[in-house]
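> make a model of this:
(one chain, ligands or ions: 1)
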Amino acid sequence: MTAGSLSCNDIQVSFSGLKAVNGVTFDFQPGQLYGIIGPNGAGKTTLMNALSGHAKLSGGQVMLDGRDVTGLSVHKRTRIGLGRSFQITKIFAGMSVLENLQLAAFAHLYRLQPFWLPAGRFPAVRERAESVLEEIGLTVMAHRPAETLSHGDQRALEVGLALLSNPSVLLLDEPLAGVGHDQIGPAMELIKRIVKGRTVLLIEHNMDVVMRVSSALVVMVQGQILASGSPEEIRANAEVRAAYLGEEE
Ligand SMILES: Nc1ncnc2c1ncn2[C@@H]1O[C@H](COP(=O)(O)OP(=O)(O)OP(=O)(O)O)[C@@H](O)[C@H]1O
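Predicted coordinates for the structure are as follows:
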């Protein structure tokens, strides 16, 4: 089995009776970038949470590289190849860019939070953090406090945190949220670069961006998949246009 295959079978997530994800079955193929689109409240983030282990399923299974991970914690899923970035940033504002990466690299490599010693003293940590720093194009900003970065660069750092475990499957929840218009282009380039060799699920409201970077789109409405296909197929799908894209145009 090729690394990076993710599938879900009839998964369900409910919040006090509300079926936020209501029977989703899908095979995400290795190396593809799936744009997950749909109106507000359609269940996109909850689907990601269900796949990453952040939301408890009320039914169904999640498989990663052919292995049933339904009962595994977030950390165990991370260790076997699932990375996740969040809509709300998890970076430490007062720490430098490199320190943020080193702290997360230490936690990943040694399964500990290094509160009592500088994580950067560990060669494996330094090496991993520096490699991701380069991957996200922030090497020149390594020693800047994270809070002084532009919004776009903070989002790149957030994505970097998800890359530290070198995941074969990467779940990105609105990595361009709040990114200024002039930074959308470079941010898109970053996404295209880090995607190589990985399976990516990307929640993104900017239709122009999502249509351009995705190899396939999955359209969610009311907790279910309404349609999936190439960006061209989705654009031409009358049902999707009526339920969602029509709103945009
Ligand atoms: N922790 C929670 N507790 C209760 N209800 C929740 C919770 N998380 C999500 N929901 C509800 O589940 C539904 C799906 O929400 P979700 O955030 O997954 O949608 P979304 O498609 O990601 O929306 P958006 O595009 O606005 O981010 C919504 O009705 C939301 O209010």
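> relative to the ligand, how far out is the closest residue to Tyr244 other than its chain neighbours?
Residue nearest to Tyr244 in three dimensions, not counting chain neighbours: Pro39, with 5.7 Å by CB to CB, 6 or more residues apart in numbering. C-beta coordinates here come from the backbone N, C-alpha and C atoms, glycine included. The gap separating Pro39 from the ligand is 7 Å, by CB to the nearest ligand atom, to the nearest Å.
> so which bits of whichever strand or helix holds Asp153 are buried?
Asp153 is part of helix 151-163, with elements assigned from DSSP states H and E. Across helix 151-163, burial judged by 16 or more other CB atoms under 10 Å covers 152-163.
> pLDDT and distance to Leu172 added to the residues you listed, as CSV?
Output for these, formatted as CSV (pLDDT from 0 to 100; distance: CB to CB, whole Å):
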residue, pLDDT, distance to Leu172
Gly152, 85, 14
Asp153, 88, 16
Gln154, 89, 14
Arg155, 87, 10
Ala156, 89, 11
Leu157, 92, 13
Glu158, 90, 9
Val159, 90, 7
Gly160, 92, 12
Leu161, 91, 12
Ala162, 91, 7
Leu163, 92, 10
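> what values do phi and psi take at the nearest residue in space to Ile191 that is not next to it in sequence?
Closest residue to Ile191 apart from its sequence neighbours, by CB to CB, 6+ apart: Val213 at 5.9 Å. Note on Val213: its backbone torsions stand at phi -90, psi -20 [degrees, to the nearest 10].
> Val213: what's it in contact with?
Counting by CB atoms under 8 Å, 6 or more residues apart in numbering, Val213 makes contact with 33, 35, 188, 191-192, 195, 202.
> do the same with Gly94
Going by CB under 8 Å, 6+ apart, Gly94 touches 145-147.
> which of the residues you listed has the most neighbours?
In terms of neighbour count, Ala146 stands highest of the contacts of Gly94 at 23 neighbours, by other CB atoms under 10 Å.
> for the chain, what spans make up the helices?
Along the chain, counting by DSSP state H, helices occupy 44-52, 74-79, 97-110, 123-135, 151-163, 184-195, 207-213, 231-236, 238-240, 246-248.
> reformat those helices as JSON lines; add distance to Gln87.
Listed next are the helices of the chain as JSON lines, based on distance: least, CB to CB, whole Å:
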{"stretch": "helix 44-52", "distance to Gln87": "7"}
{"stretch": "helix 74-79", "distance to Gln87": "16"}
{"stretch": "helix 97-110", "distance to Gln87": "18"}
{"stretch": "helix 123-135", "distance to Gln87": "20"}
{"stretch": "helix 151-163", "distance to Gln87": "9"}
{"stretch": "helix 184-195", "distance to Gln87": "15"}
{"stretch": "helix 207-213", "distance to Gln87": "15"}
{"stretch": "helix 231-236", "distance to Gln87": "23"}
{"stretch": "helix 238-240", "distance to Gln87": "23"}
{"stretch": "helix 246-248", "distance to Gln87": "20"}
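> Lys19: which of the ones you listed is closest?
For Lys19, the closest of the helices of the chain is helix 44-52, at 9.7 Å, according to CB to CB.
> tell me what the closest one is packed against?
Contacts defined by 3 or more CB pairs under 8 Å, 6 or more residues apart in numbering; DSSP states H and E place helix 44-52 against strand 6-15, strand 18-28, strand 33-37, strand 82-85, strand 169-173, strand 199-203.
> mind telling me which of those the model trusts least?
Sorting the helices and strands packed on helix 44-52 by mean pLDDT places strand 82-85 lowest, at a mean of 90.
> quick check: Val240 vs Pro39, distance?
Using CB to CB, to the nearest Å, Val240 is found at 11 Å from Pro39.
> hmm, I was thinking of Asp65
Asp65 sits at a distance of 32 Å from Pro39 (criterion: CB to CB).
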